[in-house]
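**Q** Build me a structure from this.
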Amino acid sequence: MDKSVLFAHHGRGCTIVASKICENVVIFQNVSIGANLKYNKITDEWENVGNPIIARNVIIADGAKILGPIVIGENSVIGAGSIITKNIPANSIAYGVNKFKPKDKNYDFIFNANMIDPQKIIEVNKKLVSEFNARNN
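**A** Residues are numbered from 1 along each chain as shown. So this is what the prediction gives:
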């Protein structure tokens, strides 16, 4: 694992068993990275042996599972709760179960060093609650 890898929220609940994790990867909480090998009783052999490789600049959101001898391409984002057991091309957004689409180069998803002011989030949330209360009272 490269020394530049960051664990957002202190990596709480993470299980990491990867072949390699490259530079500038950000891993959020409750992420699992590991094997999904299986034993074939007919051939008397283990299959799907190996652990993931996470390329440079990948962001792995909350609760994602990345399993097996696969490669997550550089500059990709693995969405919250995703289950990924297939290779993901570079510059992609992975979501759901083995789904992905090209990443929009005009947006950063989940993380950007120029983070939003927390007060703005609080103000927007207060407005949402106010609108919700007005509709439901």
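**Q** so who does the residue nearest to the spatial centre of the chain touch?
**A** Most central in the chain under CA atoms, centre = their mean is Ile60, positioned 2.1 Å from the mean C-alpha point. Listed by CB atoms under 8 Å, 6 or more residues apart in numbering, the contact partners of Ile60 are 25-28, 31, 33, 54, 66, 72, 78. Yep, even glycine has a C-beta here, placed from its N, CA and C like the rest.
**Q** To what extent is the closest residue to Gly11 other than its chain neighbours buried, counted in neighbours?
**A** Of all residues not flanking Gly11 in the chain, Ile27 sits nearest, at 6.2 Å (CB to CB, 6 or more residues apart in numbering). Neighbour count for Ile27, taken as other CB atoms under 10 Å: 27.
**Q** Check Asn57 too.
**A** Asn57 has 18 nearby residues by other CB under 10 Å.
**Q** Between the two ends of stretch 112-123, what distance do you get?
**A** Start-to-end span of stretch 112-123 (CA to CA, to the nearest Å) is 20 Å.
**Q** I'd like the mean pLDDT over it, please.
**A** Mean per-residue pLDDT for stretch 112-123: 85.
**Q** coming back round to it: can you tell me how far the residue nearest to the centre of the chain is from His9?
**A** Using CB to CB, to the nearest Å, we find Ile60 at a distance of 12 Å from His9.
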